[in-house]
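Peer 1: Fold the following and give me the result.
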Amino acid sequence: MSRVGKNEIVIPASVTFTQNGNSLSFKGRLGADSYEVPECVTIEKTSSGIKFAPINDTLPVRTLWGTTQRNVANMVQGLDQGFTVNMELNGVGYRASVAGSKLTMQLGFSHDIVYDVPQGISIKCEKPTSIAITGASKQKVGQIAAVLRSYRKPEPYKGKGVIRQNEFVVRKEGKKK
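Peer 2: Now for the predicted structure:
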């Protein structure tokens with residue numbers, strides 16, 4: 001049985017939800033979102049939130065049960081508190097700045113990299129070498145972090161590149177004489 005799917009999702013006071021068949025709609029202080037629950041998972045309203053249950057005990061149904069629970073829980077948490085990913089730029093001359101809805105990064109190329117920030121996501125650069133990505137959707141925030149990291153992945157010899165905060169970069173020993 002799914003250990004994740006059994007957990008009840010507690011809906012905070014700042015988030016409201018409505019159920020229309022298998023569709024759940026949420027509204028919070030950071031926006032609104034909806035989720036289409038698979039037909040093999042049933043929805044139960046409780047006094048403090050939502051609980052999900054599978055219709056049978058087969059493996060595909062149980063996996064969708066846990067996935068549905070986590071997706072809805074992340075949606076509720078994102079609409080209530082939001083998600084933040086902090087990134088660091090390591091390297092001589094590597095820096096970033098935000099102007100309006102454009103993130104400009106200098107990563108050692110002959111040109112600057114300009115990234116258009118999508119709707120619902122905010123990017124801040126408190127220091128020239130740090131980037132904070134904030135938004136209500138965990139998937140969107142993680143995808144943007146992955147795209148920014150792909151512009152200059154950390155290299156193993158000097159550790160230069162775009163890395164997530166607290167990410168461990170495996171370092172290699174250089175050539176010996």
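Peer 1: In this protein, where's the longest helix?
Peer 2: helix 59-80 (DSSP state H).
Peer 1: mind checking pLDDT for the closest residue to Gly31 other than its chain neighbours?
Peer 2: In this structure, Gly31 finds its nearest non-sequential neighbour in Ala136, 5.0 Å apart by CB to CB, 6 or more residues apart in numbering. Quick note: C-beta positions are derived from backbone N, CA and C, even for glycine. pLDDT recorded at Ala136 is 93.
Peer 1: Ala136 touches Gly82, doesn't it?
Peer 2: Yes. Using CB atoms under 8 Å, Ala136 is in contact with Gly82, at 5.5 Å.
Peer 1: who touches both of those two?
Peer 2: Counting by CB atoms under 8 Å, 6 or more residues apart in numbering, the residues touching both Ala136 and Gly82 are Leu30.
Peer 1: Going by neighbour count, which residues of stretch 107-125 are buried?
Peer 2: The neighbour-count check on stretch 107-125 (16 or more other CB atoms under 10 Å) flags Leu107, Tyr115, Val117, Ile121, Ile123, Cys125 as buried.
Peer 1: Grab the nearest non-local neighbour of Ser23.
Peer 2: Distance criterion CB to CB, 6+ apart; nearest residue to Ser23, sequence neighbours excluded, is Glu36 at 5.5 Å.
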